[in-house]
Each structure stands twice: as C-alpha cells, then as structure tokens.
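> Sequence plus the predicted model coming up.
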Amino acid sequence: MSRVLSGKPYVSDALRQRVLETIRELDYRPSRVARSLRVQRSRIIGLIISDIQNPFFTSVVRAVEDVAQQRGYAVFLCNSDEDVDKESTYIELMLAEQVAGMIVSPTASSNEVYRRLVEQRVPVVAIDRRVDGVPMDTVVSDNVHAACAVVSHLIENGYRRIGAILGVPGASTGAERHQGYVTALAHHGVPLLPELVRSGLPRSQNGYELTLELLAQSQPPDAIFTGNNLLTIGALRAIHEAGLGIPDDVALAGFDEMDWMFLVKPALTVVMQPAYEMGQRAAELLLERIVDPDRAPQAVVLQSTVKVRESSRRAAMRA
C-alpha cells in the first residue's frame with residue numbers, strides 16, 4: 001500500500017487499482033504520526049482565523065507570528081470566513097503539507113473535525129472559541145464575566161430596555177456573551193425581553209440590519225450591547241442614520257477596541273480583550289504540544305476589562 005500511496009514505480013496497474021479501490025471503500029487515511037517518524041518535522045505552524053476583516057485577529061496573528069519566529073517557525077495563515085467547508089479544506093491542506101501543528105478559531109458546528117485531529121494526535125489549539133466535547137488545548141477570554149460586567153454597567157447608568165446583537169449561538173463566543181447578558185439582567189432584576197435579542201454572523205452589515213430591526217420596534221431599546229467590533233460598526237451606522245443621539249437616545253457598548261475608536265464622538269465603551277496575549281499563549285501551548293504530545297490539554301481563560309467611555313453614560317450621570 002505504501003508504494004501506491006507514495007507513487008513509487010514497480011507496482012502493476014492491476015494491483016494499484018485494487019489498492020486504490022480498497023482505500024476508497026475503507027475511507028483510509030494515512031497515519032500522519034507514522035509519517036512524521038519517517039520525515040523531518042515541518043517548521044511551519046498553520047493558523048486559521050474565522051474572519052480576516054476582524055481587527056481583533058490582527059493582534060492575534062501578530063502574536064502568533066512573534067512567538068513562532070522566536071522559536072524558528074514560520075506561519076501559514078488562512079481565513080475560513082466563518083465557513084465550515086472552507087475551514088475543513090484548509091485543515092486538509094495543512095495536513096497534506098505536514099505542518100507542525102495548527103492554531104484555529106473554530107467555526108460553529110465543526111466539533112467532529114477537531115475530534116478526529118485529536119484522535120490522530122495532530123497538535124492543535126483552539127483560540128477565541130471553545131470546541132465542546134473535545135479534549136484539546138484552548139485559549140479564550142472570560143466572555144460570560146465580561147458581557148455581564150458591561151451590561152451591568154449599562155443598567156447601573158439607568159438603561160432598562162437593553163438590546164443585544166450577538167454572534168451566532170453555535171459559536172461559544174456568541175453563546176457565552178448571551179449568557180453574560182442574561183445573567184446581568186437577572187442580577188439587577190431587569191426583565192429579559194426576547195424581542196430585544198438578535199444574532200447573526202459577526203459582520204458589520206449584519207450589525208447594521210439587526211440594529212435597524214431593533215430601532216424600528218414600537219418600544220425600541222434605550223441601549224444596545226454588541227458582541228463583536230464589526231457588529232458595533234454596523235450598529236453605529238444604523239443609529240446615526242436613524243438620527244438618534246448616543247447615549248441619550250440610545251447607548252452603545254460592545255466587545256473589542258479598535259485603533260480608530262478615539263475618533264468616534266462620543267467615545268465608545270468597550271470590552272477590551274487581551275488579543276495579543278491570547279495569540280501568544282496559543283502559540284506557546286502549540287509549541288509545548290509539539291514537543292510533548294502526551295501532556296494533558298490545558299484550557300486558558302484570560303480576563304478582559306471594560307473601558308467605560310461616554311457612549312454608555314446619560315448626561316445626568318456624566319454631570
């Protein structure tokens with residue numbers, strides 16, 4: 001079989017055909033662990049991020065590259081675009097290229113592919129999102145606590161009809177930030193109103209359209225919490241187009257700082273995630289896994305901070 005798979009000569013056409021048919025019937029995949037014993041290990045790390053347009057990942061990519069370069073590795077960067085098929089294609093490509101290991105921001109509903117990678121002992125680390133039910137190294141921020149903190153801040157500043165625009169619930173980030181939102185409302189005795197909650201892919205256009213839906217209600221929200229910086233951009237656009245003032249008509253607070261936010265007036269309240277540190281720790285965990293494939297998986301949870309600015313405080317509270 002190995003001579004057929006490697007394309008070696010001196011194999012009859014009949015035998016080659018029988019081997020290939022058997023491979024297809026059994027869905028056989030060569031053991032990459034066994035192959036790694038016969039070939040020199042690659043010095044390339046695969047990095048698959050879910051949205052290259054998201055500024056959050058700029059810091060993540062920079063950190064991974066910094067750590068990799070210091071340790072003599074190069075980085076092979078791919079963008080899954082929140083598409084599970086693209087994600088699977090890139091994973092297969094990286095396996096074919098025999099990368100030393102992978103760091104991936106998983107798309108929703110992609111657990112099975114990571115279960116197979118772990119079973120095949122491929123070094124892999126999940127970043128930003130968890131993969132439920134798969135024992136693998138993971139680096140995330142404390143989404144529940146951070147979302148609860150920023151929504152609690154809105155409530156403490158007098159807002160009661162707080163809308164939420166979140167990422168898809170199939171991804172752990174969207175689910176956990178929704179959990180933090182619900183927890184804050186319950187803690188402060190504020191009713192949870194399902195009509196004020198929207199979710200979608202974390203894109204600025206979705207943030208725009210979902211914000212317009214909330215603002216068009218007979219009783220629109222007096223504050224909006226966004227679970228992603230691209231959603232925040234869309235929400236800003238929708239609020240301005242509606243001719244509403246921030247924060248007195250509708251407050252706005254969301255996840256992730258962006259370099260240009262200081263130009264926005266009023267300045268935006270945000271949850272600041274340690275994006276660089278997340279990328280750094282993910283790269284370090286991956287390199288540890290490459291050296292010691294048998295160690296127990298680690299789940300690293302890093303703390304975020306709420307940066308309070310004018311977009312979430314009423315005039316009376318600012319006086």
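Received it, and whenever you're ready, just let me know what you need.
> Please, where are all the helices along the chain?
Under the criterion DSSP state H, the chain contains helices at 2-5, 13-26, 32-38, 56-70, 84-96, 111-119, 143-156, 172-187, 204-215, 229-241, 275-291, 315-318.
> Please point out the stretch among those with the lowest average pLDDT.
Per-stretch mean pLDDT for these is lowest at helix 32-38 (a mean of 42).
> before we move on, the earlier item: quick one, which of the helices of the chain gets closest to residue 264.
helix 229-241 (7.1 Å; CB to CB). The C-beta positions use only the backbone N, C-alpha and C, and glycine is treated the same way.
> helices or strands next to that closest one in the packing?
strand 162-166, helix 204-215, strand 223-226, strand 251-255 (3 or more CB pairs under 8 Å, 6 or more residues apart in numbering; DSSP states H and E).
> any chance of those in JSON lines, plus distance to residue 174 and mean neighbour count?
Output for these, formatted as JSON lines (distance: least, CB to CB, whole Å; neighbours: other CB atoms under 10 Å):
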{"stretch": "strand 162-166", "distance to residue 174": "5", "mean neighbour count": "27"}
{"stretch": "helix 204-215", "distance to residue 174": "12", "mean neighbour count": "20"}
{"stretch": "strand 223-226", "distance to residue 174": "11", "mean neighbour count": "31"}
{"stretch": "strand 251-255", "distance to residue 174": "11", "mean neighbour count": "27"}
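> Quick one: closest of those to residue 52.
Here helix 204-215 is closest among these (CB to CB), at 13.9 Å.
> Which segments of the protein make up each domain?
Domain segmentation of the chain under automatic domain parsing yields 1-30, 31-141+276-303, 143-273+306-318.
> Point out the most buried one among these.
domain 143-273+306-318 (a mean of 20; mean count of other CB atoms under 10 Å).
> Kindly list the main-chain dihedrals of the residue nearest the centre of the chain?
The residue lying closest to the centre of the chain (CA atoms, centre = their mean) is residue 128, at 4.2 Å. Per-residue torsions, residue 128: phi 80, psi -30 (degrees, to the nearest 10).
> just checking, it touches residue 274?
No. Using CB atoms under 8 Å as the test, residue 128 is too far from residue 274 to be in contact (11.3 Å).
> shared neighbours, those two?
residue 141 (CB atoms under 8 Å, 6 or more residues apart in numbering).
> does residue 231 really touch residue 254, like I thought?
Yes. If you go by CB under 8 Å, residue 231 and residue 254 touch, sitting 6.6 Å apart.
> what residues are shared contacts of those two?
The overlap between the contact sets of residue 231 and residue 254 (CB under 8 Å, 6+ apart) is empty.
> contacting residues for residue 246?
By CB under 8 Å, 6+ apart, residue 246 lies in contact with 239, 252, 266, 311.
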